[in-house]
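Asker: have a look at this prediction, sequence included:
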Amino acid sequence: MAPSTYNLNRVLKEYPYHHNQLQNRLIQTAIQFITKLCSENHKIIDLLELLERSAKRCLPGRHSDDFIRFSHMFGYFVIELRVFFTVPNQQLSKTALNPNELLAAFIDFLHQIFEEIQILSHGPYFLVSVKGPIKVLQTELKFLITFLGDTPSQHIELEETKNLLTDIRALVNAVGSFVYKFFVKETAAHMTGLDLPLSDLLQKFELLKTKIKEHCITFPKMQSGTPTKTGVVSPFIVDSLLDDLKDLMNCDSNRISVVKDQILTIHEDFLYLQSFLRVPHVMEKIKNIMAAIQETKKSYRTGILEVADHPSKQVSFEAQKPPIVEDTMVGFKDEAVKISDQLIGGTDQLQIISIFGMPGLGKTTLAKKLYNDPSIVYHFDKRAWCVVSQTYQTRNMLIDILKSISDVGRDKILNMEDEHLAEQLYKSLKGMRYLIVMDDIWNVNAWDDCKRYFPDDRSGSRILFTTRLKDVGLQASSHSVNNALPFLSEVECWDLLQQKVFQNDHCPPELVDIGKQIATYCHGLPLAVVVIAAIVANLEMKEILWQEVALSLSSRISEDPNSKYPLRKLLSLWVAEGFVKKVENKSLEDTAEEYLTDLIDRSLVLVAKRRSNGGIKACNIHDLLREMCLRIADKEKFVIVIKDQISICEQHHRLSIQSNSFHSYSRLFGLHVRSLLGCVLDPSAFDCCNLKLLRILDFSSTGSRSYNPIGIESLVQLRLLAISSIPSSIEIFVNLEFLFVDNKQVVQIPDILLNMSKLRLLHFRGGAKFSESFLRASMDESFQKNNLETVSFLFIYYENNEKFLRCSPHLRRLKCRLTVFWDSFKKDYRYPTFNFFNHLESLSVSFHLSYNIRRDLTTFPSNLRKLTLRYFDLSWKQMRIIGRLPNLQVLKLEDGDLGGKQWDTDEGEFQQLKFLKLDGVTIAHWNASSDHFPRLQHLILRKLQHLKNIPSSLGDIPTLHTIEVHDCKKAVADSATQIWDDQRDMGNEELKLIISDSFTTLTEISELRLDISQL
């Protein structure tokens, strides 16, 4: 643990060392470096602790004995710092670092020193004349960090690379000696004449860059056991590229207007790249862009400009046959019975039955169990099994099926022509009741290629699919039956683990607890259980060995298997990354949600929580699949999860920090880094000023909500920002599209934020109100229309606040808190109006009621689909307005008064409503008909202390799926039970009833009554 320097910093601030503010700041920077670098038993750390204790004893008055002793000790400490101004060796650092990284960390330390010097360069006269050369020296140091990060570690033993690294170390040590002068010179007079050594250093840098250029050109030709993963392009290529871009930018032709913004962005990026020569990671992109630009210039000269689409990279997985699974099957009893009934019963027409779910869930095992079930064998005249896979061949499928159902010899079948195969198959199945299992089918094309060979004689034949994709069965036939396979319970996982490990024996008592723990780490995936069972079955039956397995599993999978990722945040990240392609007449978020739905249908992503309208609210991914994805992402340099130490030269494009405490020997550096996410215990200690091209910064999961990272004002390319407070320099983020503020207290919104043209989402966890400057600006009508689509959680308390709403015509989702305000034009109190929103789909309002002023909120946009009202006092007039909203699907009323004890709904109200929640509403009598809620699917009643009963006619709603009653009177629960009973008597088996109160656990009456009836 690094020693505290609180008192040392205080003394340096109160008693400037030799009256030199610059030296004091540089000392603090040096202390930060050595405490990160050195182990706790290093002598400099011991000396630092002594210095801290001496500083603590210092009393006011710089002539005190304690201060004199402190000054002597401090002078000795500065002398001991000299060793840290040369490249440190590996024995000095806390952990073994890559030599390149250790060198890069030292260079970054020197760069930080120069940053501090630049900050104060307007002060001491001896620095003013060298401000420019120092800035150039900083740029050269950054270039070296970039080069070191791009030099693969496996090549540092090559003689050519060794020689170059030796030259770099020598020059960096010379810079260190130059920097150390700022620590030991006692007065400003001793610091004059800096221009000569600076000039000498810059000349040496020019010579070194020439060597690096020659090295980069010859490097790809070097012989090595491991091929290089990076290439280097010399600076003149970037210069040439910039010239071409500039030519295009200066063209006045309308033919390039559609791509001029993109060209400008690329030009700005490469201007920055020119300074730092970060070309190794983008060499191929540069070549592609150069080729495209040359082609564009050629087309322009001929009067033709074509914009080519570049297909995105796709990852394909080689299909493999499923592992051999024993006949023993645990779980899926209900599913087996249900699918067996579908195979044997139902329509006489040929029908497709589909079993879908994520890989390893047991689809093939269940299908085999059904295939060999005696009742299935007896029912069907012929049965056949074929494995389709992702890279299927129709001929092989036909051969597999024909071999199972035909008496023709195997060799003869293999020698048949394709037409003869198809004819023989059709004849073999004609007039028969058959079952064909198509295992591991990836798309409907496999079925389309062979479906004409399966005759439909209305004999009850069946085709059984096993697939990862939900849509395959639906696409194959509109009359198909699709069955989602669930995960195993923890009990079922443990049963399966025991069967696989102990066969017919019992588990030893000492292994039961640790065995159950291992089973829980499988998270309901049968394949995971089988794989882990194979591991523990080959171990000695000792508890300590099983504990090692459990420990290994717990370190490989996420700590919270039930972790949920919010949909809106996920979609925002995809859009900000540029993963989502623009589709005409669709928002990027809607297109991104279609991407997610496709992943869910492919069983790659799981729905963790649904919205009240049935949409997705949160999702997650199974840990085994997550581990596989992370391995692929790491290999492709796409993303890396960092749990301990951050490298200065991380090669990945996206970094996810998953640790509250991590070590970093220097500031992270990399123009290639696009996203930085995760949890940092103290964001203010994280320096991101070297991540100039960062697009995403998300520290919203951190426990600290007080400070933002260092250098955040330099991240001008940010598209998404999720932090604890609004940065003071928010106006510099001209490209920002999504802002998530994880605030505890209500914050003020700066007026500049509302004029940021690209901003689409604003989220304040603890709420936000408009600043005084906004109120003044709204008087001047100085706000332009913005492109915001989502805003939450906003306080609207004044008439001028409504002007912001009118400047946001594209809003689709709004969460706010309202109070009545004085309308200066109407000379009366009122709530803000919402009818001018033409795109608003979701509105959530919390009312701040005034007990002596009551007004109605009477205007809602007609296209509203979801409405949530909290702490309300509504009149029946308002309720009728709400009831007649033509597109309303979700209505939540919480903790409010409906204007009386009786609620009477009328004809024509709530015609599209699917979800109704009444929570803490003062209502005693509810008179309604099924015609008033013709499409209602879910009814939730909570804490309705005055309600007498539920209208019995609601049970006649044909779409009603769920009734929930929580913490209501017994009479309400009884009326809900009566509705359920009546529906069961009429054959409605789908209605689900859930009743609970604060004194009992959640009870599903439907299951309870079924259990009782079976006694």
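Answerer: Received, thanks. Numbering: from 1, shown residues only.
Asker: which stretches in the stretch 901-1015 of the chain count as helices?
Answerer: Applying DSSP state H, counting those that start in this stretch to the stretch 901-1015 of the chain gives helices spanning 970-985, 1005-1013.
Asker: which stretch in those is the model least sure about?
Answerer: Lowest mean pLDDT within the helices of the stretch 901-1015 of the chain: helix 1005-1013, at a mean of 37.
Asker: other residues contacting stretch 525-540?
Answerer: Identification of contacts with stretch 525-540 by CB atoms under 8 Å, 6 or more residues apart in numbering yields 323, 325, 330-331, 358-362, 365, 487-488, 493, 496-497, 500-501, 515, 518-519, 521-522, 545-546, 549, 553, 622, 624. Where you see a C-beta, it was placed from the backbone N, CA and C, and this is true even at glycine.
Asker: equivalent analysis for stretch 490-503, please.
Answerer: Here stretch 490-503 makes contact (CB under 8 Å, 6+ apart) with 328, 330-331, 488, 507, 515-516, 518-520, 522, 524, 526, 529-530, 532-534, 536-537.
Asker: can I have the buried ones of the residues you listed as a ChimeraX selection?
Answerer: ChimeraX command restricting these to the buried ones, with burial defined by 16 or more other CB atoms under 10 Å:
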select :330,331,488,515,516,518,519,520,522,524,526,529,530,532,533,536
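Asker: please narrow the contacts of stretch 490-503 to those residing in helices.
Answerer: If you go by DSSP state H, the contacts of stretch 490-503 have 515-516, 518-520, 526, 529-530, 532-534, 536-537 in helices.
Asker: let's have those in TSV, adding distance to Ile68 and pLDDT.
Answerer: Shown next, in TSV, are those (distance: CB to CB, whole Å; pLDDT from 0 to 100):
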residue	distance to Ile68	pLDDT
Gly515	68	90
Lys516	67	90
Ile518	65	88
Ala519	69	88
Thr520	64	87
Pro526	75	82
Val529	72	84
Val530	75	81
Ile532	68	82
Ala533	73	84
Ala534	73	76
Val536	68	83
Ala537	73	82
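Asker: closest one of the residues you listed to Val377?
Answerer: Distance to Val377, by CB to CB, is smallest for Pro526 among the ones in helices among the contacts of stretch 490-503, at 24.0 Å.
Asker: how near is that closest one to Ser603?
Answerer: Look at Pro526 and Ser603: by CB to CB, to the nearest Å, they are 14 Å apart.
Asker: list the residues that contact both of those two?
Answerer: Residues touching both Pro526 and Ser603 (CB under 8 Å, 6+ apart): Leu361.
Asker: save the ones in helices among the contacts of stretch 490-503 as CSV, and put in distance to Asp456 too.
Answerer: Compiled in CSV, the ones in helices among the contacts of stretch 490-503 are given as follows (distance: CB to CB, whole Å):
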residue, distance to Asp456
Gly515, 50
Lys516, 49
Ile518, 48
Ala519, 45
Thr520, 47
Pro526, 34
Val529, 40
Val530, 38
Ile532, 44
Ala533, 43
Ala534, 43
Val536, 49
Ala537, 47
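Asker: which of the residues you listed lies closest to Ile212?
Answerer: Using CB to CB, Ile532 is the member of the ones in helices among the contacts of stretch 490-503 that lies nearest Ile212, at 50.3 Å.
Asker: in stretch 617-635, what's buried?
Answerer: Of the residues in stretch 617-635, those buried (16+ other CB under 10 Å) are Ala618, Cys619, Asn620, Ile621, His622, Asp623, Leu624, Leu625, Ala633.
Asker: low-confidence ranges in the stretch 451-600 of the chain?
Answerer: Applying pLDDT under 70 to the stretch 451-600 of the chain flags residues 555-563.
Asker: all helices for it, in order.
Answerer: Along the stretch 451-600 of the chain, the stretches classed as helices by DSSP H, counting those that start in this stretch are 471-476, 490-502, 509-520, 526-537, 543-556, 567-577, 588-601.
Asker: how about residues contacting the shortest one?
Answerer: This means helix 471-476. With contact meaning CB under 8 Å, 6+ apart, helix 471-476 is reached by 352-354, 356, 441-444, 447-448, 451, 465, 467, 480-482, 601.
Asker: mark which of these are part of strands, please.
Answerer: Ile352, Ile353, Ser354, Phe356, Ile441, Phe465, Thr467, Val481, Asn482 (DSSP state E).
Asker: of the residues you listed, grab the buried ones for ChimeraX.
Answerer: The ChimeraX selection below is limited to those of the ones in strands among the contacts of helix 471-476 classed as buried (16+ other CB under 10 Å):
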select :352,353,354,356,441,465,467,481,482
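Asker: a markdown table please, covering the ones in strands among the contacts of helix 471-476 and showing distance to Arg395.
Answerer: A markdown table is the format used below for the ones in strands among the contacts of helix 471-476 (distance: CB to CB, whole Å):
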| residue | distance to Arg395 |
| --- | --- |
| Ile352 | 22 |
| Ile353 | 25 |
| Ser354 | 24 |
| Phe356 | 26 |
| Ile441 | 16 |
| Phe465 | 20 |
| Thr467 | 21 |
| Val481 | 29 |
| Asn482 | 28 |
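Asker: max pairwise distance over the ones in strands among the contacts of helix 471-476: which two?
Answerer: The most widely separated members of the ones in strands among the contacts of helix 471-476, counting by CB to CB, are Ile441 and Val481 (15.2 Å).
Asker: which intervals of the stretch 701-850 of the chain have sub-threshold pLDDT?
Answerer: Looking along the stretch 701-850 of the chain with the criterion set at pLDDT under 70, you get 701-707, 773-783, 850.
Asker: show me where it has its strands.
Answerer: Taking DSSP state E, counting those that start in this stretch as the criterion, the stretch 701-850 of the chain carries its strands at 720-723, 738-741, 747-749, 761-770, 790-796, 813-818, 821-823, 828-830, 842-847.
Asker: and of those, who's closest to Ser459?
Answerer: With CB to CB, the closest approach to Ser459 among the strands of the stretch 701-850 of the chain belongs to strand 842-847: 51.0 Å.
Asker: contact partners of the helix or strand just after that closest one?
Answerer: Note on strand 842-847: by DSSP states H and E, the next helix or strand toward the C-terminus is strand 866-870. Contacts to strand 866-870, defined as CB under 8 Å, 6+ apart, come from residues 612-613, 841-847, 860, 882, 885, 888-896.
Asker: what about Glu423, how many neighbours?
Answerer: If you count neighbours by other CB atoms under 10 Å, Glu423 ends up with 13.
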